[in-house]
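Trainee: no sequence for this one, just the structure:
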């Protein structure tokens, strides 16, 4: 297990998605991209993000960055929340849909498109708990 | 002795108190002085819900079920109650319960505990930080105090890993939010808690309850200033609708407000203030001239600031699923309205909804009346009658003998009254309303009497009894007086209730509409869930079809249900409807059925179109109504319907079907 948002976490997550998630069954052959912005990252109260790009159910990019955007590409959706919220989601305590309902995540992008993809995307994010159980306190 | 055995033994000793505590619904009527009794001294001094009667009931329930274990703070909570009996008077009026019996049992239980059994709860770093912001006594991590917030912001199944904080100012709230963000702790404001009390047992709990973190109790923000020159009131987030109206009335002014216990700021944020006055006074951002908000980053803003993005616009549609406020409103400057000298009230009885609807919409479109609503016989009975049984019998008589299923309820000036009288077949006037309020218990005893059987043979029984030759017999027979109605209360409270019902306002429907102390009776020992929304009112047949659909779904799920009311808004272009499902909140099966009905009716409304469901405008009260209501919602497509179901499944789990 590795620390959330570390380079090791990035590498292992990428491997996990490529090896364990089925493009059709788990990723519904979707084509989309998501920028997850994580605010108030301890210990320095910094902002980080990870960018996830999937084409026809295949992972094509997964990058962790510092700041609130990924300079290389623009995501179809941006989901912003604090570190504690992402921690709850990755631990499986709360789904992305519930976090959106509670206003703990803010969504930028087409809501209709996002809702169509929320279930498979939620599945991707939650599956990452298999590689993460270390969080900053 | 095992824990289970201990609990069982306690439960038999305190059976009556446990039953009272379980029937508590957190209507919040014990937190403001609506009967002239004064306030619960303990709640007023200590603030946290734990120190108010509703909190004591919740704590007792939690202790008896083993949800929480005694802490040293419990001793302070128990000792802070002098058993003065104010709570019994207030609660009995609203819910017919005796919370003092619970307070006594809680005292007895605590007095008999071994001192070693009280947990000591140490201060941790988070609590220390919060106390530095608000002061030592206004922040707590004590499980007993936290447990008093169950059902009004905490789900009953949650762990009690929360902090409660009671700030005094906007600046303190800003600091709390920044502190919470720095420690990655979620937070949520809590005001009166009534809306949450109704939603928590249902499927909405996942969206509306806080799962961990910091509860910001806003009760201490109690600024209340009236500016008689500009007809405005500046109100802090701790002020209830009742308290503001009381101040406004002193100046012959009226605020457009929600139910008595609702906090003004929270209600603006949550529903934008739905009231019988809204066709005239407006809805959502029509009600205020300025609001002060602390946003999710802890930054303080005013809607009047020139350099912020348009604060009055919002996204719409069923895909906008956020069920939380856009920030914490800490202060609002409300519009107030002058009260005309010649205001009067009339009720027009109807057998059929379509006729009542037709009349109210005509009045709304012509701007007749300052307060307009169609009330169902269910609401009329629940509001006017002091007990559940009397309300039940009253409603039975309305339906079976009087053919009185709906009333068009109009408050207006003399000219308005004249127009209504000309349009109506018959009216129930102010004097008859007073007779019905004070005479309700006696009327209930006439159920299935010969008098009512004879009356029901009339072509229009309502007309005969309220405005015809039988009126004088009714007035004589009901013996309506404060002494008569007081007899339905426990003997030791009868003198008190004689005095209460002797006050002119208690039988004055205009005052009752303004101060809204009667809707709490809908939460009398059981809960209700309101399926509500706005419907484009051009097609009245569509409104009737909507009500039929809501009724059919509730029948399918075997719920006690009825239309509550319909009220016009925006010059009668829209109609707000509320359809209520009543249920025992202690019965998991009933809760499940309510949740299923809620989802099925929501889906059906989306499919019908022209309807903006409450779930789609909840927490949009800060915005201009024009941005919330328009464009008129289109019926969703089959694809969107499938998406709606998928969304619900992903939130609730695939096992939740309707």
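Mentor: Structure received. Computed from a predicted model, the values in this text were never measured in an experiment.
Trainee: who's in contact with the closest residue to chain A within the stretch 201-350 of chain B?
Mentor: Residue nearest to chain A within the stretch 201-350 of chain B: residue B:324 (3.3 Å; Cβ to the nearest Cβ). To be clear about C-beta, it is placed using only N, CA and C from the backbone, and glycine gets the same treatment. Residue B:324 makes contacts with A:101-103, B:188, B:207-208, B:619, as judged by Cβ atoms under 8 Å, 6 or more residues apart in numbering or on different chains.
Trainee: want to throw the residues you listed into CSV with pLDDT and neighbour count?
Mentor: Conversion of those to CSV gives the following (pLDDT from 0 to 100; neighbours: other Cβ atoms under 10 Å in any protein chain shown):
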residue, pLDDT, neighbour count
A:101, 85, 22
A:102, 85, 22
A:103, 86, 20
B:188, 95, 22
B:207, 80, 21
B:208, 86, 22
B:619, 89, 18
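Trainee: what two of those are the furthest from one another?
Mentor: A:101 and B:188 (12.8 Å; Cβ to Cβ).
Trainee: who's residue A:48 bridged to?
Mentor: residue A:38, residue A:66 (DSSP bridges).
Trainee: Quick one: residues contacting it.
Mentor: Per Cβ under 8 Å, 6+ apart, neighbours of residue A:48: A:5, A:37-38, A:41, A:64-67.
Trainee: same question for the helix or strand where residue B:535 lies, mean pLDDT?
Mentor: In this structure, residue B:535 sits in strand B:527-536 according to DSSP states H and E. Mean pLDDT, strand B:527-536: 94.
Trainee: still on that earlier bit, from the contacts of residue B:324, which land in strands?
Mentor: Using DSSP state E, the members of these that fall in strands are residue B:188.
Trainee: In terms of helix, strand or coil, where does residue B:561 fall?
Mentor: strand (DSSP: H, G, I helix; E, B strand; the rest coil).
Trainee: quick one: it from chain A, how far?
Mentor: The gap separating residue B:561 from chain A is 26 Å, by Cβ to the nearest Cβ, to the nearest Å.
Trainee: Name the residues of stretch B:337-357 that are buried.
Mentor: B:343-350, B:353, B:356-357 (16 or more other Cβ atoms under 10 Å in any protein chain shown).
Trainee: before we move on, what about stretch B:386-404?
Mentor: Those buried within stretch B:386-404 under the rule 16+ other Cβ under 10 Å are B:386-388, B:390-398, B:401-404.
Trainee: can you tell me which of those are in helices?
Mentor: The helices, defined by DSSP state H, take in B:388, B:390-398 from the buried residues of stretch B:386-404.
Trainee: Let me see the mean pLDDT of stretch B:159-177.
Mentor: pLDDT averaged over stretch B:159-177 gives 97.
Trainee: gap between the two ends of it?
Mentor: Terminal residues of stretch B:159-177 lie 22 Å apart, using Cα to Cα, to the nearest Å.
Trainee: Do any residues in that stretch lie close to chain A?
Mentor: No - for stretch B:159-177 and chain A, the contact criterion (Cβ under 8 Å from any Cβ of the partner chain) is not met; the two come no nearer than 11.1 Å.
Trainee: tell me how far that stretch is from the chain's mean position?
Mentor: Mean C-alpha position of stretch B:159-177 versus that of the full chain (Cα atoms, centre = their mean, to the nearest Å) differs by 24 Å.
Trainee: element containing residue A:17?
Mentor: Assessed by DSSP H and E, residue A:17 sits inside helix A:7-20.
Trainee: for that helix, packing partners?
Mentor: Identification of packing neighbours for helix A:7-20 by 3 or more Cβ pairs under 8 Å, 6 or more residues apart in numbering or on different chains; DSSP states H and E yields strand A:2-3, strand A:58-66, helix A:111-127.
Trainee: and it with strand A:58-66, angle?
Mentor: 170 degrees (axes from the mean of the first three to the mean of the last three Cα atoms, to 10 degrees).
Trainee: So which bits of helix A:7-20 are buried?
Mentor: Buried residues in helix A:7-20 (16+ other Cβ under 10 Å): A:9-10, A:12-14, A:16-17.
Trainee: Of the helices and strands packed on helix A:7-20, which stretch is the most buried?
Mentor: helix A:111-127 (a mean of 19; mean count of other Cβ atoms under 10 Å in any protein chain shown).
Trainee: contacts for that helix?
Mentor: In contact with helix A:111-127 (Cβ under 8 Å, 6+ apart) are residues A:16-17, A:20-21, A:26-28, A:30, A:32, A:34, A:36, A:52, A:54, A:76-77, A:89-90, A:92, A:95-97, A:100, A:107, B:315, B:317, B:319-321, B:640, B:643, B:646-647, B:649-650.
Trainee: How about the next helix or strand after it and chain B, touching?
Mentor: As assigned by DSSP H and E, the chain's next helix or strand after helix A:111-127 is strand A:132-134. No - Strand A:132-134 does not reach chain B (Cβ under 8 Å from any Cβ); its nearest approach is 14.8 Å.
Trainee: Give me the contact list for strand A:132-134.
Mentor: Under the contact criterion Cβ under 8 Å, 6+ apart, strand A:132-134 has outside partners A:1-4, A:9, A:13, A:90-91.
Trainee: So residue B:60 sits against residue B:106, correct?
Mentor: Yes - using Cβ atoms under 8 Å, residue B:60 is in contact with residue B:106, at 4.8 Å.
Trainee: Neighbour count: those two, which is higher?
Mentor: residue B:60 (26 against 23; other Cβ atoms under 10 Å in any protein chain shown).
Trainee: who are the neighbours in contact with the more buried one?
Mentor: Here residue B:60 is in contact with B:14, B:17-18, B:21, B:102, B:105-106, B:109 (criterion: Cβ under 8 Å, 6+ apart).
Trainee: quick one: it from chain A, how far?
Mentor: Counting by Cβ to the nearest Cβ, the separation of residue B:60 from chain A is 30 Å.
Trainee: Got the confidence number for that residue?
Mentor: 97.
Trainee: Below-threshold pLDDT in chain A: ranges please.
Mentor: For chain A, no stretch has pLDDT under 70.
Trainee: Regarding residue B:425, what is its secondary structure?
Mentor: Residue B:425 carries the three-state label coil when classified by three-state DSSP.
Trainee: Give me the mean pLDDT for the helix or strand that the strand holding residue B:535 is followed by.
Mentor: Once strand B:527-536 ends, the next helix or strand along the chain (criterion: DSSP H and E) is helix B:540-556. Per-residue pLDDT over helix B:540-556 has a mean of 98.
Trainee: Can you give me the buried ones in helix B:540-556?
Mentor: Across helix B:540-556, burial judged by 16+ other Cβ under 10 Å covers B:542-543, B:546-547, B:549-550, B:553-554.
Trainee: repeat for stretch B:69-86
Mentor: B:70-71, B:73-78, B:80-81, B:85-86.
Trainee: which one of those is nearest chain A?
Mentor: Ranked by distance to chain A (Cβ to the nearest Cβ), those are led by residue B:71 at 25.4 Å.
Trainee: Quick one: residues contacting the residue lying closest to residue B:95 once chain neighbours are set aside.
Mentor: The shortest distance from residue B:95 to any non-neighbouring residue, by Cβ to Cβ, 6 or more residues apart in numbering or on different chains, is to residue B:524 (4.7 Å). Residue B:524 makes contact with B:25, B:94-96, B:382, B:387-388, according to Cβ under 8 Å, 6+ apart.
Trainee: can you check residue A:77 too?
Mentor: Here residue A:77 is in contact with A:32-35, A:107-110, A:113-114, A:117 (criterion: Cβ under 8 Å, 6+ apart).
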